[in-house]
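# return atomic coordinates for the entry below.
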Amino acid sequence: MSKTKTLFITGVSSGFGQALAQQALAAGHIVIGTLRNEDAVQAFEAQAPGRAHGVLLDVTDFDAIDRVVAEADNAFGPIDVLVNNAGYGHEGIVEESPLDELRRQFDVNVFGAVAIIKAFVPLFRQRRSGHILNVTSMGGFITMPGIAYYHGSKFALEGISESLSKELKPFNVFVTAVAPGSFRTDWAGRSMQRTARQIADYDASFDPIRKAREERSGKQPGDPVKAADAMLKLIDSPNPPAHLLLGSDALKLVREKLAQLEAEFAEWEEVSRSTDG
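Residues are numbered from 1 along each chain as shown. All right, here's what the predicted structure looks like:
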C-alpha cells in the first residue's frame, strides 16, 4: 500500500474535488477540504470521522487564505499535497461578455488558485517536500468558440504551474497541471455561468454550440471517479510529470493542436527567421 498522505483540496462539494476526496478517504488518506457553509462541513466530516476535515473558505476571500491554511496545517498536518480544484466555467461570446465576468473568472480560477499556492509554497519549500496539483483543463491547451474567458484563465494557470514547477524543483517540491477533457461533472451544468445573447450575427455559429454543450452535460465520456484514481496514482509517483492530460478526448485534441501548431510554424518559418538582426 502507498504511504498515507494528508491532502488539502479546494472545492470538495462537487465535481473532481468531491470525487478525489472520496477516493482519497477510501484509500486511507487524510483529507482537508474547503467548503462554503457549516452544513457542508459537517456532512463532509461525517464521511470519515477523524480523517475528513472540513474548513470554511471561499478561494476569493484572499485575506483569509493564509490564516486558514496555517490553521489547517497546524491542526491536521503536516500537509503533503495541495489540490487546487475550485473553479468554474464561463460561457459567452467575447463581444457580448462584460469585463466584470472576466474579472470574476480570473478571481476564482487564477487569483484564488495562486493565493492558495502562495500560502503553501513556504511550508513545502522549508520541508523540502510537497506536491501541488492544479486542476486546469484541456482548455488550457486547445480552444473552442464561446468560452474565451475560461480558456484565458486555464491558459494562465497552465503557464503559472509550469514556471512554478521549475522554481520549486530544487526543493524537491513537485507541481503538476492536471488537464481533464470532458467529464461528467457540473462544469457545463449548474456550475456554468452563461452570458445572455444579444448580437444576432453570432446566432448561426454560436447558438448550436451552446445548445449542444447544455445537452451533453452529464453525458460526457469522462468518469470523475477514474480521474480521482489517476490523481492518486500521480501523488504516489516519485517523479510526477509537470503536465497530465486526463481523458482520451483531451489526448486526441491536444495532440491535434500541437500538430496544427507545428504545421503553422513550418509554413511561416521563413518569416519567423527573417526578423533576426
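
# list the buried residues of stretch 241-260.
Burial within stretch 241-260, assessed by neighbour count using 16 or more other CB atoms under 10 Å, is assigned to 242-247, 249-250, 253-254. Every residue, glycine included, has its C-beta placed from N, CA and C.

# next one: stretch 103-113
Within stretch 103-113, the residues that count as buried by 16+ other CB under 10 Å are 104-106, 108-113.

# and the average pLDDT for it is what?
Averaged across stretch 103-113, pLDDT comes to 97.

# then that stretch to CSV, C-alphas only?
Taking Å, rounded to 0.1, in the frame of the first residue of the first chain, the C-alpha atoms of stretch 103-113 are listed here in CSV:
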residue,chain,number,x,y,z
ARG,A,103,-12.6,39.5,-13.6
ARG,A,104,-14.7,37.1,-11.7
GLN,A,105,-13.5,34.2,-13.8
PHE,A,106,-9.9,35.1,-13.1
ASP,A,107,-10.5,35.8,-9.4
VAL,A,108,-11.7,32.3,-8.8
ASN,A,109,-9.7,30.2,-11.4
VAL,A,110,-6.4,32.1,-11.3
PHE,A,111,-6.0,34.6,-8.4
GLY,A,112,-7.8,32.1,-5.9
ALA,A,113,-5.5,29.3,-7.0
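
# show me how far that stretch is from its chain's centre.
Relative to its chain's centre, stretch 103-113 lies at 11 Å (CA atoms, centre = their mean, to the nearest Å).

# go on, stretch 229-241?
Offset of stretch 229-241 from its chain centre (CA atoms, centre = their mean): 16 Å.

# swap in stretch 159-175?
Once both centres are worked out by CA atoms, centre = their mean, stretch 159-175 turns out to sit 16 Å from its chain's centre.

# ok, stretch 54-71 next?
Centroid separation between stretch 54-71 and its chain, computed with CA atoms, centre = their mean, is 18 Å.
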